[in-house]
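>>> make a model of this:
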Amino acid sequence: MLHVTTSEHRPVAGFTMIEALVALVLVAISVSAIGSLMFGSNRGTRAIEDHMAIEENARLLSTSFPNRNDLVPGNSSGEILGHRWSLDIEPFSGGGPAHVADSVWVPETLTVKVRAPSGATLSLETVRLHRKHSD
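Okay, here's the model as predicted:
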């Protein structure tokens with residue numbers, strides 16, 4: 001006598017094609033999000049480094065200017081460690097009277113600009129009192 005057994009169809013273990021595609025899409029989204037965070041972090045780090053370099057060059061530049069009594073109105077410019085700089089000294093024009101008639105002091109505006117090779121610019125502006133030359 002021949003004994004025949006029937007085989008039942010059991011569910012096959014594993015993922016369907018759609019489940020695998022959904023998992024791949026989720027992994028791709030996660031990897032791209034991590035990549036954009038890393039790119040933004042690198043860009044921010046470079047911007048901070050550029051800013052610090054500009055500030056250091058501005059400080060170095062300010063220590064190399066002539067004595068305050070030797071500064072004369074006008075423009076001067078140059079380059080220091082690859083950073084372009086300019087110094088503008090002009091009469092103060094911040095509103096109000098330009099000077100007090102009987103004062104020995106004349107206000108002047110000093111503007112220092114430092115430009116990094118990357119194009120970032122730092123601009124410092126201040127007002128100083130300059131003693132009138134005695135005639």
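
>>> the helices in this structure, which residues?
Along the chain, counting by DSSP state H, helices occupy 17-64.

>>> ok, and the closest non-adjacent residue to the residue nearest the centre of the chain?
The centre of the chain sits closest to residue 47, judged by CA atoms, centre = their mean, with a distance of 4.0 Å. Nearest residue to residue 47, sequence neighbours excluded (CB to CB, 6 or more residues apart in numbering): residue 120, at 7.8 Å. The C-beta positions use only the backbone N, C-alpha and C, and glycine is treated the same way.

>>> check contacts around that neighbour.
47, 50-51, 54 (CB atoms under 8 Å, 6 or more residues apart in numbering).

>>> can you put those in CSV and add pLDDT and distance to residue 23?
As requested, the contacts of residue 120 are exported to CSV (pLDDT from 0 to 100; distance: CB to CB, whole Å):
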residue, pLDDT, distance to residue 23
47, 84, 37
50, 83, 41
51, 83, 43
54, 85, 47
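
>>> if we take these, which one ends up nearest to residue 126?
Residue 126 has its nearest neighbour among these in residue 54, at 17.1 Å by CB to CB.

>>> residues near the nearest residue to that closest one once chain neighbours are set aside, how many?
Closest residue to residue 54 apart from its sequence neighbours, by CB to CB, 6+ apart: residue 122 at 4.4 Å. When neighbours are counted by other CB atoms under 10 Å, residue 122 registers 18.

>>> residue contacts, residue 122?
Neighbouring residues of residue 122 by CB under 8 Å, 6+ apart: 51, 54-55, 58, 113-114.

>>> measure it to residue 114 for me?
Distance, residue 122 to residue 114, by CB to CB, to the nearest Å: 5 Å.

>>> any common contacting residues for the two?
Shared contacts of residue 122 and residue 114, defined by CB under 8 Å, 6+ apart, are found at 54, 58.

>>> switch the contacts of residue 122 over to CSV; also include neighbour count.
As requested, the contacts of residue 122 are exported to CSV (neighbours: other CB atoms under 10 Å):
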residue, neighbour count
51, 13
54, 19
55, 13
58, 18
113, 16
114, 24
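
>>> thank you, goodbye.
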